[in-house]
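# what would the 3D arrangement of this be:
(chains A, B, C and D)
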Number of protein chains: 2
Amino acid sequence: MLDVRRLRLLRELALRGTIAAVAEALAFSPSAVSQQLSALEREAGVPLLERTGRRVVLTPAGQRLAAHAEAVLERLERAGAELAATRGGPTGPLRIGAFPTAARALLPPALAALAVAHPRLEPAVEEVDAVDVPDALRARELDVVLVHEYDLLPAEPEDGVETEPVCEEPVFLAEPDTGGASRGGSLVIRRDEPWIVGRRGTLCHTMALRACEAAGFRPRIRHLVDEYPTVLALVAARQGVALVPRLGAVDPPEGVRLTPVAMRRRIGVAYRAGSALHPSVAALTHALRRQAR
Amino acid sequence: MLDVRRLRLLRELALRGTIAAVAEALAFSPSAVSQQLSALEREAGVPLLERTGRRVVLTPAGQRLAAHAEAVLERLERAGAELAATRGGPTGPLRIGAFPTAARALLPPALAALAVAHPRLEPAVEEVDAVDVPDALRARELDVVLVHEYDLLPAEPEDGVETEPVCEEPVFLAEPDTGGASRGGSLVIRRDEPWIVGRRGTLCHTMALRACEAAGFRPRIRHLVDEYPTVLALVAARQGVALVPRLGAVDPPEGVRLTPVAMRRRIGVAYRAGSALHPSVAALTHALRRQAR
DNA sequence: ATCGAGCATCAGCTCAGCTTACGCTCTGGC
DNA sequence: GCCAGAGCGTAAGCTGAGCTGATGCTCGAT
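Prediction:
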């Protein structure tokens, strides 16, 4: 009978690529991981890893075994979720990851409602970068993560992670309020304005570029700022224009005009495959949905 | 993460009913099983067992968890089978169980062919009672078992065990050869003859009773004998009539007339769920099928 | 050419989990 | 009705699986 703890290491290796990364993710020493993978290879009787240069890669047999491991672990996750469900309502710690806007605008009221409905639930929120989400979930550093995607930028599915939609919101063009009549939501008219976009590598950065690209021009980028309150303050100071989702534009400062554009942002929750039935996860999803209405 | 070794114990408990039986089956002391199940219950956070009298029974939550365990273990079995397949052809020990007729008539030539095709396979045959088959497979005492069923007596599916057909054979009515013309294969005409059937509790015993019952009478049973050569010798000695499948009637003695009746026996192989792809299992199944033609 | 990242191996230690011993409770046979 | 034994749980003690930390080797990047 194959050892599931070792299969877990193999699966993590398939996801992360190096033994050192697996070790760090699971809080082991690289030595331990190496030893356990060697043992797994001995059990299997087939080479699973191959040293290439100073790294290792999975052999085809190793990849197939990693797929089996994925399936086994998912079923274990489901079993655990079901147990938690029979254990009664949501209880204990729930580690929630969120992108900054959600952490500020969406989560606090949802958590307040949750505290009333499920007083024994202990949510812990942590801001997290989108790129770290799958690893954080798989490594069990987080249990649920609020994620978002834009029309022009659909998120691709990740192994071992499932996503469920929570709500959709419009995206606004934010520009200095000159007092004149609105010029409508088309981006093209602002092609010569300076733009304020998210920092490079963020979803919002890419989203703004894609949106301008779709409108047929490359924006002149002046400011790189992630926090929407700051963005709006810059807009009010006539530093440029920006694209801002509704949740980023609650309570806009004076001197900012918001015009809807033809793009929407979708917000969802991501969790480990199999934990959809977990009562704490289900309760948070429910609270977020109610909040979003 | 739930411990799979402990889940295995829970699954065995679901199948066998007592901790002592689980311990014996897996070569542990009952104490070890008890401790591990307690630990599993602690992990689960839900009562899984309930003491009733001097036994334990699974709670509903325990039963559901056992079902998950079954799924996990089956997937592990498949992973192992796939590894064995990539390891190259059939190799190593293969523990084969068989009912007596198959052990005598079907297996030896199949094993001879197998030895030529796969010299590194080390088959070990053991006669086994039909009632012990599922436990022997689940407890990993055997890898493959030859099983049979009669038209009137279909085998019900067992958790964790899969069955695949190998061949079908006719069943004969064996009666003393009086030299006269055959009276045809109807059983009714022999309703007053003494009958020779398998020992009580065997499939063959039940099969004979069902066949007579279907023909509308209750047989007068004189001899209870399992071994078909002995049965045929008794028939030749004019001790009664009997129902004998073809494999039990190779080389019949003088003075026995065999007439086909409207019943067939199906022979199949049973193995642990998930091990169908195991090269040794597949090779044996293949050899048996060829042999049966 | 050199340095560091990445992996394997070795030695040593710790704790999970096994066995043995024992006690308790219930059941079935006499 | 009683008692022997089946069945389960707990306590104590031991062993080995598996972890850490040290060391060495091999690449690849600067």
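# next up, the contacts around A:Glu133.
Quick fix: residue A:133 reads Val, not Glu. Residues near A:Val133 by Cβ atoms under 8 Å, 6 or more residues apart in numbering or on different chains: A:97, A:142, A:145, A:147, A:161, A:270. (Glycine included, C-beta is placed from N, CA and C.)
# buried among those? Need that as a selection in PyMOL.
Isolation of the buried members of the contacts of A:Val133 (16 or more other Cβ atoms under 10 Å in any protein chain shown) is achieved in PyMOL through the command below:
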select buried, chain A and resi 97+142+145+147+161+270
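# out of the contacts of A:Val133, who's nearest A:Glu74?
Distance to A:Glu74, by Cβ to Cβ, is smallest for A:Val161 among the contacts of A:Val133, at 10.5 Å.
# can you tell me which of the contacts of A:Val133 are in strands?
Using DSSP state E, the subset of those located in strands is A:97, A:145, A:147, A:161, A:270.
# and the residues you listed, which two are furthest apart?
Going by Cβ to Cβ, the two entries of the ones in strands among the contacts of A:Val133 that are most distant from one another are A:Gly97 and A:Val161, at 11.8 Å.
# so the residue in chain A that DNA strand D sits nearest to versus A:Val33, what's the distance?
Residue nearest to DNA strand D within chain A: A:Gly53 (2.9 Å; Cβ to the nearest atom of the strand). Between A:Gly53 and A:Val33 the distance, using Cβ to Cβ, to the nearest Å, works out to 18 Å.
# what about those two, which has more around it?
Remark: of A:Gly53 and A:Val33, A:Val33 carries more neighbours, 24 against 6, as counted by other Cβ atoms under 10 Å in any protein chain shown.
# CA atoms only for stretch A:257-267 - export them in PDB, please.
Below are the C-alpha coordinates for stretch A:257-267, written out as PDB (Å, rounded to 0.1, in the frame of the first residue of the first chain):
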ATOM      1  CA  ARG A 257     -16.300  61.600 -11.800                       C
ATOM      2  CA  LEU A 258     -17.100  57.900 -12.200                       C
ATOM      3  CA  THR A 259     -18.500  56.600 -15.500                       C
ATOM      4  CA  PRO A 260     -19.300  52.900 -16.000                       C
ATOM      5  CA  VAL A 261     -17.400  51.200 -18.800                       C
ATOM      6  CA  ALA A 262     -18.200  48.000 -20.600                       C
ATOM      7  CA  MET A 263     -16.300  45.700 -18.400                       C
ATOM      8  CA  ARG A 264     -17.100  43.800 -15.200                       C
ATOM      9  CA  ARG A 265     -15.100  42.300 -12.400                       C
ATOM     10  CA  ARG A 266     -16.100  38.900 -11.000                       C
ATOM     11  CA  ILE A 267     -15.400  38.100  -7.400                       C
END
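# so what's the gap between that stretch and the chain middle?
Relative to its parent chain, stretch A:257-267 has a centroid offset of 20 Å by Cα atoms, centre = their mean, to the nearest Å.
# for that stretch, buried residues please.
By 16+ other Cβ under 10 Å, the buried positions in stretch A:257-267 come out as A:257-258, A:261, A:263, A:265-267.
# ok, and of those, which contact DNA strand C?
The overlap between these and the neighbourhood of DNA strand C (criterion: Cβ under 7 Å from any atom of the strand) is empty.
# in TSV: these, plus pLDDT, distance to chain B and secondary structure.
Supplementary listing: those in TSV, determined by pLDDT from 0 to 100; distance: Cβ to the nearest Cβ, whole Å; DSSP: H, G, I helix; E, B strand; the rest coil:
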residue	pLDDT	distance to chain B	secondary structure
A:Arg257	92	52	strand
A:Leu258	93	47	strand
A:Val261	90	45	strand
A:Met263	89	41	strand
A:Arg265	92	34	strand
A:Arg266	93	31	strand
A:Ile267	93	29	strand
